[in-house]
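[1] What follows is a predicted structure for the sequence shown.
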Amino acid sequence: MMEEEFRSIRIEKEICHGCMSCMRICPTHAIRVHSNKASLIKELCIDCGECVRTCEYKAILPLTSSFSEFSKFKYTIALPSPVFYSQFGKEIQPGILLEALKKIGFDDAYDVACSSEAVSIALQEYLDSNEGPRPLISPYCPTILRLIQVRYPNLLENLIPIESPMEIAAREAKRKKMQELGLSEKEIGAIYITPCPAKMISILSPPRKKHSFLDGTIAISEIYPSILQAIPQITTKNDVKEVRGLGLGWPIVGGQVASLKAEECIAIGGINDCIRILEDIENGKLRDIQYIECHSCPNACVGGSLTIENQYIARGKVLKIVEKYGSQPCQEREYIRELYRRNFFSQLGKISASPIKPLDDDISKAIQKMKQKQKILDMLPKIDCGICGAPTCETFADDVIKGLTCADECIILTVKKFESMSGNLFETAQKHSRKIKSRWEDEKK
Amino acid sequence: MDKTFTRTFTVVGNNFTDAGKVSTEIKMILKQLGINSTIIRRVAIASYESEMNVVMYANKADISLVVSPSEIQIVVEDVGPGIPDIELAMKEGFSTATTEMREMGFGAGMGLPNIKRNADIFNIESIMGKGTKLNITVSLN
């Protein structure tokens, strides 16, 4: 039996109007709209959240945990994405926000930006010491990771095998608390404060291994109101932990690259541009580029669908935060390099491909089906109107071949059919009417 | 019954904006046919290099993809100046690309040798003043 596949969104059929905006925007054509309701083809979904963002009726909901689920843990640690620091007034320093997380119910809060900085140093070491294929691709946007698994399995070998900052942070936070409090790993809940639903999936079904050090996620947008209320209650402003380091710049496009010294690195934001770049890499281009930072969201994580602040303002705030707190490193570089040598950052397990299902497992049959598909496609108008419930004529032809829909669903084909039928009817009627008329005329004589 | 799937694309010379589109479509077809990803990569590189050669040097070309259960064939037939010395053109690093082309990252003199390296069978014929025909075969067995 197939393992139940989790995806980061849920479509509420009762609320869905069947307006098709989600179907049109989905970059991997994973949505269909039949009988006025949207539905998701899970194997094609890459958790980018474009549909969540575009749905006017809020019928597509991101999957995250709710606060009450965390009561099963004896001790909870909040791990905020560095995006969290960019969501509030610019006078509110990151350390205060960590305190605010404790005020709203977490037992502790642990800064992830520091791990981002450490991961940057590890990336640098990897780039300097590994020959292998180029360009290397950053694996930190879960959507891009899944896109590569599904559509570019060829490029899995280009992914840098260095663990993500959120996993490193969760592992270290738990390790410290286990020692300090004598608790077992299971008793501690590590909760990621997330800007996007894709992170949830990377915890629920990690692409590489069965186990994630994180136990759940909660949306920035969900805790936002209570954090706003908690901020004025923090009086010990002088005691707050200082958060610093270049890792604070990670949530914007170019944040990773800025923390690297390697030349020939590029940063890309936006799923469609990422697809273009991955196509190029697959064609053997860009071999002179060392490292590619890819983000599914055009403005990277500050533009995640579960954020509150306008993404451009948030981007500006991240730049200010980096200016203010970024120049001081969080940890000694040499110490991190030593950790790197001791495999502190290595990923457990290998990431596997989950390629698109072919038209048929048997190549001869697949070829025949492809020919049929081509025949159908040749008949279709290629205007991608979407009325059939598929986003493009090409996906519609696919669906017809797979038996998911029938060619009659194409309104243009059907109208053409009617036209030719009614044309015949009209001609026949005329013919008969002439006959009757002439006969009637004859009889009158 | 014909056991092959054939599709022909047209590529126009000097159209750098669309360069790479045919290779992308070819890859999409091969993925849907369930072709092994290592083979797809070889075909992608060979078809992309051929497409770029047409864009850079020819007036236009027909690129045909022929897939049978045992092999993939890419046939590139261009209308263009032809290659005066094929042996020389097949040498790595030899290129007649202009400075502008090189600045854009093309014309490193790797095109034809790269195609040959990724093909199981490679044939090239050229007639001066008429055009060049490439026949690239990648075996599926």
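    Sure, I can see it. Model, not experiment: these values are computed from the prediction.
[2] Where does pLDDT dip in the chain?
    With no chain named, the answer covers chain A. Chain A contains residues with pLDDT under 70 at A:1-5, A:205-210, A:236-239, A:443-445.
[3] if you could check chain B rather than the one you did, that'd help
    The model of chain B has pLDDT under 70 over residues B:100-110.
[4] Which strands or helices does the longest helix seen in chain B pack on?
    Criterion DSSP state H: the longest helix present in chain B is helix B:37-57. With contacts taken as 3 or more CB pairs under 8 Å, 6 or more residues apart in numbering or on different chains; DSSP states H and E, helix B:37-57 sits against strand B:5-12, helix B:21-32, strand B:60-67, strand B:71-79, helix B:111-118, strand B:131-139. C-beta: built from backbone N, CA, C; applies to glycine.
[5] what angle do it and helix B:111-118 make?
    Angle, helix B:37-57 to helix B:111-118, by axes from the mean of the first three to the mean of the last three CA atoms, to 10 degrees: 160 degrees.
[6] ok, which residues in the stretch 151-300 of chain A are in contact with chain B?
    A:151, A:153, A:154, A:279, A:280, A:282, A:283, A:284, A:285, A:288 (CB under 8 Å from any CB of the partner chain).
[7] Take the residues you listed and lay them out in CSV including secondary structure and neighbour count.
    CSV is the format used below for those (DSSP: H, G, I helix; E, B strand; the rest coil; neighbours: other CB atoms under 10 Å in any protein chain shown):
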residue, secondary structure, neighbour count
A:151, helix, 24
A:153, helix, 22
A:154, helix, 20
A:279, helix, 20
A:280, helix, 17
A:282, helix, 24
A:283, coil, 22
A:284, coil, 18
A:285, coil, 19
A:288, coil, 11
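[8] Now do the contacts for the residue of chain B found nearest chain A.
    The nearest approach of chain B to chain A comes at residue B:34, 2.9 Å away (CB to the nearest CB). Counting by CB atoms under 8 Å, 6 or more residues apart in numbering or on different chains, residue B:34 touches A:358, A:359, A:360, A:361, A:363, A:366.
[9] Quick one: buried ones out of these?
    A:358, A:359, A:360, A:363, A:366 (16 or more other CB atoms under 10 Å in any protein chain shown).
[10] can you list contacts of the helix or strand containing residue A:166?
    Secondary structure assignment for residue A:166, by DSSP states H and E: helix A:165-181. The contact list for helix A:165-181 (CB under 8 Å, 6+ apart) reads A:75, A:77, A:79, A:81, A:108, A:110-116, A:118-119, A:140, A:183-185, A:188, A:190, A:192, A:199, A:212-214, A:247, A:250, A:344-345.
[11] ok, stretch A:366-385 near chain B or not?
    Yes - for stretch A:366-385, a contact with chain B is found by CB under 8 Å from any CB, at A:366, A:367, A:368, A:370, A:371, A:374.
[12] Now distance to residue A:224 too, for those residues, in a markdown table please.
    Output for the residues of stretch A:366-385 next to chain B, formatted as a markdown table (distance: CB to CB, whole Å):
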| residue | distance to residue A:224 |
| --- | --- |
| A:366 | 49 |
| A:367 | 54 |
| A:368 | 55 |
| A:370 | 49 |
| A:371 | 54 |
| A:374 | 51 |
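[13] So residue B:19 sits against residue B:51, correct?
    Yes - the criterion here is CB atoms under 8 Å, and residue B:19 meets it with residue B:51 at 6.3 Å.
[14] Please name the residues that touch the closest residue to residue A:330 other than its chain neighbours.
    Nearest-residue entry for residue A:330: residue A:245, 3.3 Å, with adjacent residues in sequence omitted and distances by CB to CB, 6 or more residues apart in numbering or on different chains. Counting by CB under 8 Å, 6+ apart, residue A:245 touches A:113, A:114, A:116, A:117, A:325, A:326, A:328, A:329, A:330, A:331.
[15] Contacts only, for residue A:33.
    Applying CB under 8 Å, 6+ apart, we find residue A:33 in contact with A:18, A:20, A:23, A:39, A:386, A:389.
[16] please redo it, this time with the cut-off set to 7 Å
    Contact partners of residue A:33, counting by CB atoms under 7 Å, 6 or more residues apart in numbering or on different chains, are A:18, A:20, A:23, A:389.
[17] now stretch A:411-422, how far from the centre of its chain.
    Its chain's C-alpha centre and that of stretch A:411-422 lie 41 Å apart, by CA atoms, centre = their mean, to the nearest Å.
[18] Name the residues of chain B found near chain A, please.
    B:3-5, B:7, B:20, B:23-24, B:27, B:29, B:31-34, B:37, B:40-41, B:44-45, B:48, B:67, B:69 (CB under 7 Å from any CB of the partner chain).
[19] What subset of the residues you listed is buried?
    B:5, B:7, B:20, B:23-24, B:27, B:29, B:31-34, B:37, B:40-41, B:44-45, B:48, B:67.
[20] which non-adjacent residue is nearest the closest residue to chain B within the stretch 1-150 of chain A?
    Of all residues in the stretch 1-150 of chain A, residue A:150 sits closest to chain B, at 10.0 Å by CB to the nearest CB. In space, and not counting its chain neighbours, residue A:150 is closest to residue A:354: 5.8 Å by CB to CB, 6+ apart.
[21] tell me, how many neighbours does that neighbour end up with?
    14 (other CB atoms under 10 Å in any protein chain shown).
[22] tell me which element it falls in.
    Secondary structure from DSSP H and E places residue A:354 outside every helix and strand.
[23] got it, and residue A:298?
    Assigned by DSSP H and E, residue A:298 falls outside every helix and strand.
[24] Counting neighbours, what do you get for it?
    Residue A:298: 14 neighbours (other CB under 10 Å).
[25] Isn't it up against residue A:269?
    Yes - if you go by CB atoms under 7 Å, residue A:298 and residue A:269 touch, sitting 4.7 Å apart.
[26] Just list the residues touching the residue of the stretch 301-445 of chain A found nearest chain B, thanks.
    Closest approach between the stretch 301-445 of chain A and chain B, counting by CB to the nearest CB: residue A:358, at 2.9 Å. Residue A:358 makes contacts with A:366, B:32, B:33, B:34, as judged by CB under 7 Å, 6+ apart.
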